[in-house]
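Undergrad: After the sequence you'll find the predicted model.
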Amino acid sequence: MGEKAKIAVTPAIQVGGSLFTPEQLATMAKIVGEDAVIEMTPFKQLYLEIPLERREVIVEELQRSGLEVYPAGFVTKSLIVCNFCKGAEEAGLETAKGINKAIAGIETPTPVKVGYAGCALGTSEPLLKDIGVVKMRDSFDIYVGGEAKGLKASLAKLLVSGLSEAQLVPVITNVIDFYKRNAKGKEVFSKFIERITLDQLKKIALG
Ligand code: SF4
């Protein structure tokens, strides 16, 4: 058997949540074949194992069916969003898409999860993510260092509030870049935040 590659697949960010069409599920089933398994990850991506030499063709076929394909492993995961129940505009659907485009798939020392909630009800649990974005009426707050795993699980802390939409991507990418450059080996993001302190990170984040 030839070499395998693992890819992460998601539906597009949309009102209603992580919705797959029957055609998309059929496309995935056809691609992986009868003997394969498809893994549902805790971060709302499906992991597919595919033959390495067919990677490009398969990715194109998945994208043609409207699916998005990202690298698996030690990267920033695609944005974990809410269902936009308050509507695309009020909950900031396009903002979320813009953040996802900027951050999904960046190589990082350990996997980084970024959450987005379209209002303060936060049903996508942004405070349990490494980085959480919460849309308040006309501005955005960013939280960092949430840890959902283990017996010492903890909530993310407020890093900056009152950001405009235009500030979001620069602030989030500054935080990710800083983590990439300064993490000690495979130091997880929440531990990294504890070590460097919120005050220091705030200065870095705002450039
Ligand atoms: S975070 Fe707010 S807008 Fe998003 S699904 Fe939950 S309640 Fe609706």
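TA: Alright, I've got the coordinates.

Undergrad: ok, residue 198 - contacts?
TA: Contacts for residue 198 (CB atoms under 8 Å, 6 or more residues apart in numbering) come out as 144-145, 157, 159. For the C-beta atoms, the positions are set from N, CA and C on the backbone; glycine is no exception.

Undergrad: same question, residue 196
TA: The contact partners of residue 196, taken as CB under 8 Å, 6+ apart, are residue 182.

Undergrad: Next, it: phi, psi?
TA: Note on residue 196: backbone dihedrals following degrees, to the nearest 10 are phi -90, psi -10.

Undergrad: Show me what from the chain comes close to the ligand.
TA: Contact residues, the chain versus the ligand (CB under 6 Å from any ligand atom): 82-86, 91, 117-119, 121-124.

Undergrad: just the buried members of those?
TA: Those of the residues of the chain next to the ligand that meet the buried threshold are 82-84, 91, 117-119, 122, 124, by 16 or more other CB atoms under 10 Å.

Undergrad: Any figure for the gap between residue 110 and residue 12?
TA: The spacing between residue 110 and residue 12, counted by CB to CB, to the nearest Å, is 26 Å.

Undergrad: ugh, wrong one, I meant residue 90
TA: Plainly put, residue 90 is 19 Å away from residue 12 if you go by CB to CB.

Undergrad: do the same with residue 161
TA: In this view, residue 161 and residue 12 are 29 Å apart by CB to CB.

Undergrad: With residue 37 instead?
TA: Distance from residue 37 to residue 12, by CB to CB: 24 Å.

Undergrad: So between the two, which is more surrounded?
TA: Regarding residue 37 and residue 12, a neighbour count based on other CB atoms under 10 Å identifies residue 12 as having more, with 11 against 8.

Undergrad: count of residues packed around residue 63?
TA: Residue 63 has 12 nearby residues by other CB under 10 Å.

Undergrad: which SSE is it in?
TA: helix 55-64 (DSSP states H and E).

Undergrad: so what does that helix touch, helix or strand wise?
TA: strand 4-10, helix 22-32, strand 68-71 (3 or more CB pairs under 8 Å, 6 or more residues apart in numbering; DSSP states H and E).

Undergrad: try 10 Å
TA: Packed against helix 55-64, as judged by 3 or more CB pairs under 10 Å, 6 or more residues apart in numbering; DSSP states H and E, are the following elements: strand 4-10, helix 22-32, strand 46-51, strand 68-71.
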